[in-house]
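Student: Model the following, please.
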Amino acid sequence: MTATAFALSLLFAITTEYTVAASEVLDGVSAGAGKYAYSMHEVPDAGNPSSGRTAMTEVLSAGAGGEAMTVVDQSADVVTFDTLAVTGESEPEEEKDELSGLCVANVENNMNVRKEPTEDALLAGYLYKDCVAEIIEQKDGWTHVRSGNLEGWAKDDFLVFGDEARTKIEEGNSKIATITTETLRVRADADENADITALLGQGVEVRVVESEDEWTKVRFDDGTEGSEEGYVSNDYISIGYDFLQGETMEEVNAREKKEKEQKEAAAKASEKLKKNSKSAAEKAKESVASAAENNNAAQTTATNVTNNGAASASVDDETLLAALIQCECGNDIYEGQLAVGAVVMNRARGSYGSIRNAIYAPGQFGPASSGKLAVTLSTGAIGPVARQAAKDAISGVSNIGTASHFRNARSGHAGVVVGHHVFW
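Tutor: Okay, the predicted model is just below:
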């Protein structure tokens, strides 16, 4: 009688080769610690003594193996195999997730990524604090990484791996849901019969608040200084992390050049705005009066430049305001960014009492509650225009008077239009 056994992770999840200890297995008897034993019976094949056909009914023990076999055929409880040479045990393949094989930059500001794994190699770019990178290979204290368009070698001393990397990723990176259908209904509750509160188009990315088996609660910008929340079906979204990524030297140089140009343009715009405040105010009054007289649309593009009084603010307050401006309208013109800063300052001068209280008030500014503001502060990714706008707003400059609200100009809301938003 030919006794046979093989090592399986799942009894019927059979692939190609399995490690066995055929000589140690007896029908219905455990072969002891470190061996494989199956309760089974043989279906002999007299024409091919090196092949066997067995019915498995119970696994008695599992451990280190000896002889390898290749599966030829199988049904629910019967497997046909051919005997091969003696080999070591084949390990069951572990299921991978999207966070396996990643590392995180464990630095305060940035770290060098080089083209070769040596200290004197040319710079390929930088990984910034909490940037996530794919691990390609490792050797001699260096890790070959890929993050965005950046690829090169980073020193292990400044990276974290494994569980520590996973913890950093989960704590420091927001989850994003991407819409995969042409138009997706956002509902008030996790119920297909709940009210529809918004529609999102294919490819739109929204922040994940929490996700369950069938529904995901998401947060998205509805064009106001706040944000909307609702539920979407998991059947029509894909969820992933919004990883912080590194920059190549080419990207660094291009960004710094653009920032220099923006800084110069913002300084000129700021100076021009201050010098022309009187004429701008007169034009604003004329434009508003004309609109009211003609019973026209309530919107106007006039900018009444005033000084509402300088506020006492620390460097941290100025940075916080600049970061919020960057999140809300970082691609807008200087005047548009100044207007958003003025809204915050108008609130800070009122019942909120401070810049920080105004920004972090519940339900007011989406980036503050979604985590986007925290990421911007952490990475320092604040443009020179936003910094200039924050500085001017704190000094009292306002091109929207005492307005304390804004939303996307496309909303048609009554108010003063500056850049991409309307203020009132």
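
Student: who's in contact with the spatially closest residue to Asn149 that is not a sequence neighbour?
Tutor: Of all residues not flanking Asn149 in the chain, Thr248 sits nearest, at 5.3 Å (Cβ to Cβ, 6 or more residues apart in numbering). Where you see a C-beta, it was placed from the backbone N, CA and C, and this is true even at glycine. Neighbouring residues of Thr248 by Cβ atoms under 8 Å, 6 or more residues apart in numbering: Ala124, Gly125, Asn149, Leu150.

Student: Tell me the bridge partners for Thr248.
Tutor: As for beta bridges, Thr248 partners with Gly125 under DSSP bridges.

Student: Kindly provide the distance from it to Val375.
Tutor: 20 Å (Cβ to Cβ, to the nearest Å).

Student: Show me the chain divided up by domain.
Tutor: Split into domains by automatic domain parsing, the chain comes to 17-86, 102-172, 175-241, 248-423.

Student: now the helices: where do they sit in the protein?
Tutor: 162-172, 249-275, 277-293, 315-329, 334-349, 355-360, 366-370, 372-379, 384-394 (DSSP state H).

Student: Can you check which of those helices gets nearest to Phe423?
Tutor: helix 334-349 (5.6 Å; Cβ to Cβ).

Student: Pull out the buried residues from the closest one.
Tutor: Neighbour-count burial for helix 334-349 flags 334-349 (criterion: 16 or more other Cβ atoms under 10 Å).

Student: So what's the residue count around Val160?
Tutor: Val160 has 17 neighbours, counted by other Cβ atoms under 10 Å.

Student: contacting residues for it?
Tutor: Counted by Cβ under 8 Å, 6+ apart, Val160 has contacts Cys103, Val104, Asn106, Lys168.

Student: pLDDT score for the last one?
Tutor: Listed pLDDT for Lys168 reads 85.

Student: just checking, it touches Leu102?
Tutor: No - using Cβ atoms under 8 Å, Lys168 makes no contact with Leu102, being 9.7 Å away.

Student: measure Pro384 to Ser378 for me?
Tutor: Distance from Pro384 to Ser378, by Cβ to Cβ: 19 Å.

Student: Of those two, which one has the most company?
Tutor: Pro384 (19 against 15).

Student: Next one: the more buried one from Val252, what distance?
Tutor: Taking Cβ to Cβ as the measure, Pro384 falls 15 Å from Val252.

Student: do Asn110 as well
Tutor: Distance, Asn110 to Val252, by Cβ to Cβ: 10 Å.

Student: Quick check: neighbours shared by these two?
Tutor: The contact sets of Asn110 and Val252 overlap at Tyr126 (Cβ under 8 Å, 6+ apart).

Student: who's more crowded, those two?
Tutor: Higher neighbour count among Asn110 and Val252: Asn110, with 19 against 16, using other Cβ under 10 Å.

Student: Name all residues that make contact with the more buried one.
Tutor: Tyr126, Leu127, Tyr128, Lys129.

Student: So what sits opposite it in the bridge?
Tutor: Going by DSSP bridges, Asn110 forms beta bridges with Tyr128.
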